[in-house]
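Peer 1: Got a sequence here, can you model it:
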Amino acid sequence: MVVPNEHVIAVDEPDFEGRVVEASRRAPVVVDFWAGWCQPCLVLGPVLERLAGEYGGRFTLAKVDVDANQGLAARFGIRGIPAVKAFRDGDVAAEFVGVQPEEAIRRFLDGVVPSLADERVAEARVSASADAAEAGFREALALDPSNPGAVAGLARLLLDRDEVDEARSLLASVAPDDSVRRLQAEVDLREAGGESGELGAAARAALSGGHRQALEHLLALVGGEDGDEARRLMLGVFDLLGDDDPLTREFRGMLASALF
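Peer 2: Alright, predicted model coming up:
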């Protein structure tokens, strides 16, 4: 039996895709696979339901009766219950089986639900103005100075205002993820683009969208006296484009051949 709670829903196979998988792209959904005959399920279930209310909408608890939804149990390899699976962005992000101490469950949930800083970042990204977005990102950083989303969001705004020094310092304060590396690369290319000569021309080409031209020019310089800087800027262009970009894959191999 599902305890009434606006953050707890009962889900069956026909609506699982929409109410769990797709819904998890907007906010985490924690699925409790249970059955009425399972005594441990009757111990764990009320704890999860109470925490769903306590967390106040930061996740939804979806209750799936495995007896009534054997197809879902088979789909997700449920061999023992209670089984708890947390969905984020359409996929299982974390899971555990069996009754756990409440402290352990809280740690599990804290690893799944967005932090308060993450929530501020999400709000800032959809702000109606740059000033409101900046205030949101700075508030998120006050809550969590190492939040990469807040760092990347604020650094983007700073770069758009040509406040490169503050952006550089901010980006250096966190462990880089893809978005941070992309912005760090832009900072490096902007700095190089302010110089005269072939390296500066290549950097400016990269920043203006001429990525192939920039990479071809930098590759030609790798064997010369500016080789180290040309290699560094090529790596920056790769970060700017991302690992999956065809140009990155093409020129990464060419750079390796030129070096070795």
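Peer 1: going forward, measure contacts and count neighbours with C-alpha atoms only.
Peer 2: Fine.
Peer 1: quick one: the helices in this protein?
Peer 2: 13-16, 39-54, 70-75, 102-110, 116-125, 130-143, 148-160, 164-171, 178-193, 197-207, 211-221, 227-241, 246-259 (DSSP state H).
Peer 1: what residues does the fourth one touch?
Peer 2: In this case it means helix 102-110. Here helix 102-110 makes contact (Cα atoms under 8 Å, 6 or more residues apart in numbering) with V47, A94.
Peer 1: tell me the mean pLDDT for it?
Peer 2: The average pLDDT within helix 102-110 is 94.
Peer 1: okay, now the domains of this protein?
Peer 2: 8-110, 114-175, 184-260 (automatic domain parsing).
Peer 1: Disregarding flanking residues, what is the spatial nearest neighbour of the residue nearest the centre of the chain?
Peer 2: Among the residues of the chain, the one closest to the centroid is G149, at 7.9 Å (Cα atoms, centre = their mean). Closest residue to G149 apart from its sequence neighbours, by Cα to Cα, 6 or more residues apart in numbering: V121 at 6.4 Å.
Peer 1: Let me see the contact set for that neighbour.
Peer 2: G136, F137, A140, G149, A150, G153 are the contacts of V121 under Cα under 8 Å, 6+ apart.
Peer 1: you'd agree N69 is up against D15?
Peer 2: No: using Cα atoms under 8 Å, N69 makes no contact with D15, being 11.2 Å away.
Peer 1: Looking at these two now, which is surrounded by more residues?
Peer 2: Using other Cα atoms under 10 Å, the more surrounded residue of N69 and D15 is N69, with 15 against 11.
Peer 1: how about low-confidence regions in this protein?
Peer 2: Along the chain, segments meeting pLDDT under 70 span 1-5.
Peer 1: if we go to 80?
Peer 2: Applying pLDDT under 80 to the chain picks out residues 1-6, 259-260.
Peer 1: now, the most widely separated pair of the contacts of V121?
Peer 2: Spanning the widest gap among these are G136 and G149, at 11.2 Å by Cα to Cα.
Peer 1: any idea what sits nearest L247, other than its immediate chain neighbours?
Peer 2: Spatially, and ignoring its direct neighbours in sequence, L247 is nearest to R212 (7.0 Å; Cα to Cα, 6+ apart).
Peer 1: same check, this time on D177
Peer 2: Per Cα to Cα, 6+ apart, closest to D177 is P148, 7.2 Å.
Peer 1: right, and that neighbour touches S173 too?
Peer 2: No: P148 is beyond contact range of S173, at 9.4 Å (criterion: Cα under 8 Å).
Peer 1: check contacts around V66.
Peer 2: With the criterion set at Cα under 8 Å, 6+ apart, V66 makes contact with F33, W34, A35, L72, A73.
Peer 1: before we move on, back to that, please report the distance of the residue nearest to L247 from L218.
Peer 2: Taking Cα to Cα, to the nearest Å as the measure, R212 falls 10 Å from L218.
Peer 1: Between these two, point out the one with more neighbours.
Peer 2: The neighbour count for R212 versus L218, taken as other Cα under 10 Å, is higher for L218 (25 against 16).
Peer 1: And for the nearest residue to the more buried one once chain neighbours are set aside, the neighbour number?
Peer 2: In space, and not counting its chain neighbours, L218 is closest to A230: 5.2 Å by Cα to Cα, 6+ apart. Around A230 there are 24 other residues, counting by other Cα under 10 Å.
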